[in-house]
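Colleague: coordinates only, sequence not included:
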Ligand code: 6CS
Ligand code: FE
């Protein structure tokens, strides 16, 4: 009997999948099959050779005072305004904390505020991103995260690419995030923690993705997170870095680096803008989970 075309398509896609995850009951560690830096280094890349090599080896790069004081002030003002509006808003872009109605994240900020729209095409930032990803890029996702003093909650360990691949259909590792600090980041107010070098392995996770997973995962992620054994081995081998600095600093990090952040019980708030860029040559396809795609405000597929 002939198999339905949709079934054969799905099967051949699973066979060809370079990074299968959430398909088996056993975790697995796979080699990265994609470059980390796609561009050819030259002095006009705006990174030194050392910075570029650091990014290749570690999967992230921290730069202090990347934005001017004026730029930081403008971004902070835009963030504050969005945050105040979000408190009472009933918009899907506003994600709340798992155990309260406090705002945790606001998505698609580059579409909904001029200041963040210009940030997405900030010349110096774009030059570096386009060098790292080798050619034209677009914004796959943007968001602001705020961890107020005393109550800000954690983000458990994960690789962004694992989710973007399984739930959004991002084919290959050719995307990166920029995390821009709008408050001073300290080791104690819940900064980004990364496992340097972990971007060169793909941790295939266990468990099947529930329907509409994003409604829970953006508040507290439980699927697409690595098992504790694998995480322990990774951290024993590579350690944990916490790149921290003043407001206006930036961390570029590879889509597949293992990262997370602690809750913030310090009195100092922490707020960051995240802008995720993907290569034009790596546009989203159907999700590898076989489920329906997540909404446009989390994973852009239609916009120019
Ligand atoms: O699901 C996502 O796409 C998002 N979730 C987390 C925890 N980090 C990356 C990404 O923004
Ligand atoms: Fe993340």
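Modeller: Okay, I see it. Note that this is a predicted model, so its numbers are computed, not measured. Ligands and ions are numbered 1, 2, ... in the order given.

Colleague: CA atoms for contacts and neighbours, from now on please.
Modeller: OK.

Colleague: what residues does the stretch 151-300 of the chain have near ligand 1?
Modeller: Neighbours of ligand 1 within the stretch 151-300 of the chain, by CA under 6 Å from any ligand atom: 160, 163, 218.

Colleague: 5 Å - rerun?
Modeller: Counting by CA under 5 Å from any ligand atom, the positions of the stretch 151-300 of the chain adjacent to ligand 1 are residue 160.

Colleague: which stretches of the stretch 151-300 of the chain form strands?
Modeller: 155-159, 175-181, 192-194, 201-204, 250-254, 258-261, 270-279 (DSSP state E, counting those that start in this stretch).

Colleague: tell me which of these sits nearest to residue 21.
Modeller: strand 201-204 (4.5 Å; CA to CA).

Colleague: quick one on the thing from earlier: just send the strands of the stretch 151-300 of the chain back as a markdown table, with mean pLDDT, distance to residue 88 and mean neighbour count too.
Modeller: Output for those, formatted as a markdown table (pLDDT from 0 to 100; distance: least, CA to CA, whole Å; neighbours: other CA atoms under 10 Å):
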| stretch | mean pLDDT | distance to residue 88 | mean neighbour count |
| --- | --- | --- | --- |
| strand 155-159 | 96 | 23 | 20 |
| strand 175-181 | 98 | 25 | 25 |
| strand 192-194 | 98 | 28 | 22 |
| strand 201-204 | 96 | 38 | 22 |
| strand 250-254 | 98 | 30 | 25 |
| strand 258-261 | 98 | 26 | 22 |
| strand 270-279 | 97 | 19 | 25 |
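
Colleague: to residue 73, which of those lies closest?
Modeller: Comparing the strands of the stretch 151-300 of the chain by CA to CA, strand 175-181 comes nearest, at 11.6 Å.

Colleague: and for the closest residue to ligand 1 within the chain, the neighbour number?
Modeller: Closest approach between the chain and ligand 1, counting by CA to the nearest ligand atom: residue 160, at 4.8 Å. Counted by other CA atoms under 10 Å, the residues lying close to residue 160 total 19.

Colleague: same thing with residue 151?
Modeller: 15.

Colleague: residue 11 now?
Modeller: Counted by other CA under 10 Å, the residues lying close to residue 11 total 12.

Colleague: mind listing the helices for this structure?
Modeller: Counting by DSSP state H, one finds helices in the chain at the ranges 5-16, 49-58, 69-88, 109-112, 114-119, 123-133, 160-168, 214-217, 228-238.

Colleague: what sits against the residue of the chain closest to ligand 1?
Modeller: 255-258 (CA atoms under 8 Å, 6 or more residues apart in numbering).

Colleague: please apply the same query to residue 13.
Modeller: Residues near residue 13 by CA under 8 Å, 6+ apart: residue 288.

Colleague: how about residue 149?
Modeller: For residue 149, the contact set (CA under 8 Å, 6+ apart) comprises 189, 264-270.

Colleague: residue 37: which of these is nearest?
Modeller: residue 270 (29.6 Å).

Colleague: that closest one - nearest residue in space that isn't next to it in sequence?
Modeller: Once flanking residues are discounted, residue 270 sits nearest to residue 147: 5.1 Å by CA to CA, 6 or more residues apart in numbering.

Colleague: give the contact list for the one you found.
Modeller: 104, 153, 190, 263-264, 269-271.

Colleague: separation between it and residue 51?
Modeller: Separation of residue 147 from residue 51 (CA to CA, to the nearest Å): 29 Å.

Colleague: dump the contacts of residue 147 to a markdown table, plus distance to residue 14.
Modeller: Listed next are the contacts of residue 147 as a markdown table, based on distance: CA to CA, whole Å:
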| residue | distance to residue 14 |
| --- | --- |
| 104 | 34 |
| 153 | 36 |
| 190 | 37 |
| 263 | 37 |
| 264 | 40 |
| 269 | 43 |
| 270 | 40 |
| 271 | 39 |
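
Colleague: just the buried residues of those.
Modeller: Buried members of the contacts of residue 147, scored by 16 or more other CA atoms under 10 Å, are 104, 153, 190, 263-264, 269-271.

Colleague: returning to that earlier point: which members of the contacts of residue 149 are the farthest-apart pair?
Modeller: Among the contacts of residue 149, 265 and 270 lie farthest apart (CA to CA), at 10.8 Å.

Colleague: so what sits against both of those two?
Modeller: Taking CA under 8 Å, 6+ apart as the criterion, residue 265 and residue 270 both touch 149, 189.

Colleague: shaky segments in this structure?
Modeller: The model of the chain has pLDDT under 70 over residues 1-8, 10, 303-304.

Colleague: where's the closest residue to residue 30 other than its chain neighbours relative to residue 220, distance?
Modeller: Spatially, and ignoring its direct neighbours in sequence, residue 30 is nearest to residue 202 (4.9 Å; CA to CA, 6+ apart). From residue 202 across to residue 220, the span is 22 Å (CA to CA).
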